[in-house]
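>>> Got a predicted model here, sequence first, then my questions.
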Amino acid sequence: MYTKKDQKIYDKTKKFLENINDTEIEEKMKKIDSVLKISDTKERYSYLFELICDYLDNEFRKNNLCDFDNCGLCKRRRALKEKNPNKETYLYGCCYSYINKRVCPFLNKDGSCTNRNIGCKLFTCHYLKKEGYSFNLNDIYLSKYFFTKKEKKYLDEHIYLTKEVVMDHLMKHKK
């Protein structure tokens, strides 16, 4: 049913999930199976891209990691404001670019993101990291065995880009 390489990905992913005592192995392996059924590399990567973005969005939403208030301040910014009430505080947390002095163009007024970018969604500020939250493509079952180290590095480091730009780069450099 699978190519040799795909069977290896399937087996390694299943073993990875078993080793971390994941409670949703069957459901997750169905997702892996759906990815492996796609033979075209670009289509497969695009589908993986969507699944990973959905996974990360769900993790942030489920755990309310940024905890934006009605004014658009995340919990990190609120903590900074409490320490120093006179200091300028930027709205929308990590989605504010200090360099460009503006909010990310992909951010909705309600604080949700309209862009599908794995790098942006992987990013966690130092405040969240101190609370024990950080994401790595090697820890996510959907990406652990599908992408090369170089691809994971690219996906992790390139933020504020559209999915199309990221996908074009990945396909251009795919062997």
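Arrived safely. All figures in this text were calculated on a predicted structure; none of them were measured in a lab.
>>> Please list the residues outside stretch 136-155 that contact it.
Stretch 136-155 has contacts (Cβ atoms under 8 Å, 6 or more residues apart in numbering) with 8-9, 12-13, 16-17, 22, 28, 31-32, 35, 44-45, 48, 51-52, 55-56, 118-119, 122, 156, 166, 169-170, 173. Just so you know, the C-beta spots here come from the backbone N, C-alpha and C atoms, and that holds for glycine as well.
>>> and that stretch, how far from the chain's centre?
For stretch 136-155, the distance between its averaged C-alpha position and the chain's averaged C-alpha position is 10 Å (Cα atoms, centre = their mean, to the nearest Å).
>>> quick one: average confidence on that stretch?
Averaging pLDDT along stretch 136-155 gives 96.
>>> Buried residues in that stretch, which are they?
Burial within stretch 136-155, assessed by neighbour count using 16 or more other Cβ atoms under 10 Å, is assigned to 137, 140-147, 151-152, 154-155.
>>> Adding distance to Arg78 and secondary structure, write those residues out as TSV.
As requested, the buried residues of stretch 136-155 are exported to TSV (distance: Cβ to Cβ, whole Å; DSSP: H, G, I helix; E, B strand; the rest coil):
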residue	distance to Arg78	secondary structure
Leu137	30	helix
Ile140	29	coil
Tyr141	33	coil
Leu142	32	coil
Ser143	32	coil
Lys144	35	coil
Tyr145	39	coil
Phe146	37	coil
Phe147	35	coil
Glu151	36	helix
Lys152	33	helix
Tyr154	33	helix
Leu155	30	helix
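>>> now those residues as JSON lines including distance to Tyr2?
Compiled in JSON lines, the buried residues of stretch 136-155 are given as follows (distance: Cβ to Cβ, whole Å):
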{"residue": "Leu137", "distance to Tyr2": "22"}
{"residue": "Ile140", "distance to Tyr2": "21"}
{"residue": "Tyr141", "distance to Tyr2": "17"}
{"residue": "Leu142", "distance to Tyr2": "17"}
{"residue": "Ser143", "distance to Tyr2": "18"}
{"residue": "Lys144", "distance to Tyr2": "17"}
{"residue": "Tyr145", "distance to Tyr2": "13"}
{"residue": "Phe146", "distance to Tyr2": "13"}
{"residue": "Phe147", "distance to Tyr2": "18"}
{"residue": "Glu151", "distance to Tyr2": "21"}
{"residue": "Lys152", "distance to Tyr2": "22"}
{"residue": "Tyr154", "distance to Tyr2": "26"}
{"residue": "Leu155", "distance to Tyr2": "24"}
